[in-house]
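S.K.: Predicted model and sequence follow; I will ask about them next.
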Amino acid sequence: MSESQPNSYRAAEASHRYVLDLVRDADRDRFLGALFAPEPRRRGLLTLLAFDYELARTRSVTREPMLARIRLEWWREAMAEAAGGGKPRAQPIVEALGETIRRHGLSLESLVELIDAREEEIEGPLDVMRAGHALADLELAVLGVEDAPSRQAAHAVGAAWLMGEGLERDQLVGDARALRRKVDPAALPILLPAISLGKPMGPLRRPLAYWWAARRGRY
């Protein structure tokens, strides 16, 4: 759907404020990266991060597998509504997703893929490749980035973000950085969090580090 289409759904400002506050508090590093995207793509990225956060909370919200699956099924139904032509259900993240989906033409299948990836975590380990790639694909769609090097780099950073420290994570970050000269600069907001997978940074230094990296086109 075109971003300029006049009849596209628009979420209330209160929903966008809820999303912004949630991501800023719960996912500080990826929040900082998203700030370097222009509006309205910035809002779209923040909304996807809020969605991902809610899905990731499923295992901590309830330890009962059946209840966890019911919670994820609620999100599947909500996404079907948000991707449809009607008004999304009254929940801030769902409302913001309704706008993001229709503004940027996200497919229901791509949203359900992220939910399905998180469902695997209910009774087993998270497939970090599947989950990281699913979110990265949604973010790339919001940013309007389609080239292969950017997708490869975003997949690597997305998967690395879900890993603990170790050689595999370092290799993924290295692979992403090796593509720096080939990636679309528009993809930088979702690649910048790779900075935080290196040396530890204090809360005061981190925003400056992101700003400097964005200015130089590095991550």
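M.R.: Alright, I've got the coordinates. Numbering: from 1, shown residues only.
S.K.: tell me which residues of the lowest-mean-pLDDT helix or strand in the chain are tucked away?
M.R.: Using mean pLDDT, DSSP states H and E, helix 58-61 stands out as the lowest-scoring helix or strand of the chain, at a mean of 86. In terms of neighbour count (16 or more other Cβ atoms under 10 Å), helix 58-61 has its buried residues at Thr58, Arg59. From N, CA and C alone the C-beta is placed, and that goes for glycine too.
S.K.: same deal with stretch 68-87?
M.R.: Ala68, Arg71, Leu72, Trp75, Ala78, Met79, Glu81, Ala82, Ala83.
S.K.: you'd agree the last one is up against Ile101?
M.R.: Yes - under the criterion of Cβ atoms under 8 Å, Ala83 is in contact with Ile101, at a separation of 5.1 Å.
S.K.: shared neighbours of these two, which are they?
M.R.: Shared contacts of Ala83 and Ile101, defined by Cβ atoms under 8 Å, 6 or more residues apart in numbering, are found at Leu108, Leu111.
S.K.: The top helix by length along the chain packs against which elements?
M.R.: Using DSSP state H to define each element, the chain has its longest helix at helix 65-83. Secondary-structure packing of helix 65-83 (3 or more Cβ pairs under 8 Å, 6 or more residues apart in numbering; DSSP states H and E): helix 41-56, helix 58-61, helix 92-104, helix 108-119.
S.K.: Alpha carbons of it, as PDB, please.
M.R.: Extracted C-alpha coordinates of helix 65-83, given in PDB (Å, rounded to 0.1, in the frame of the first residue of the first chain):
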ATOM      1  CA  PRO A  65       2.600 -23.900  27.600                       C
ATOM      2  CA  MET A  66      -1.100 -23.900  26.800                       C
ATOM      3  CA  LEU A  67      -1.600 -20.400  28.100                       C
ATOM      4  CA  ALA A  68       1.500 -19.300  26.200                       C
ATOM      5  CA  ARG A  69       0.000 -20.700  23.000                       C
ATOM      6  CA  ILE A  70      -3.300 -19.000  23.700                       C
ATOM      7  CA  ARG A  71      -1.500 -15.700  24.100                       C
ATOM      8  CA  LEU A  72       0.300 -16.100  20.800                       C
ATOM      9  CA  GLU A  73      -2.900 -17.100  19.100                       C
ATOM     10  CA  TRP A  74      -4.400 -13.800  20.300                       C
ATOM     11  CA  TRP A  75      -1.600 -12.000  18.500                       C
ATOM     12  CA  ARG A  76      -2.200 -14.000  15.300                       C
ATOM     13  CA  GLU A  77      -5.900 -13.000  15.400                       C
ATOM     14  CA  ALA A  78      -4.900  -9.400  16.100                       C
ATOM     15  CA  MET A  79      -2.500  -9.300  13.200                       C
ATOM     16  CA  ALA A  80      -5.200 -10.700  10.800                       C
ATOM     17  CA  GLU A  81      -7.400  -7.800  11.900                       C
ATOM     18  CA  ALA A  82      -4.600  -5.300  11.700                       C
ATOM     19  CA  ALA A  83      -3.800  -6.400   8.100                       C
END
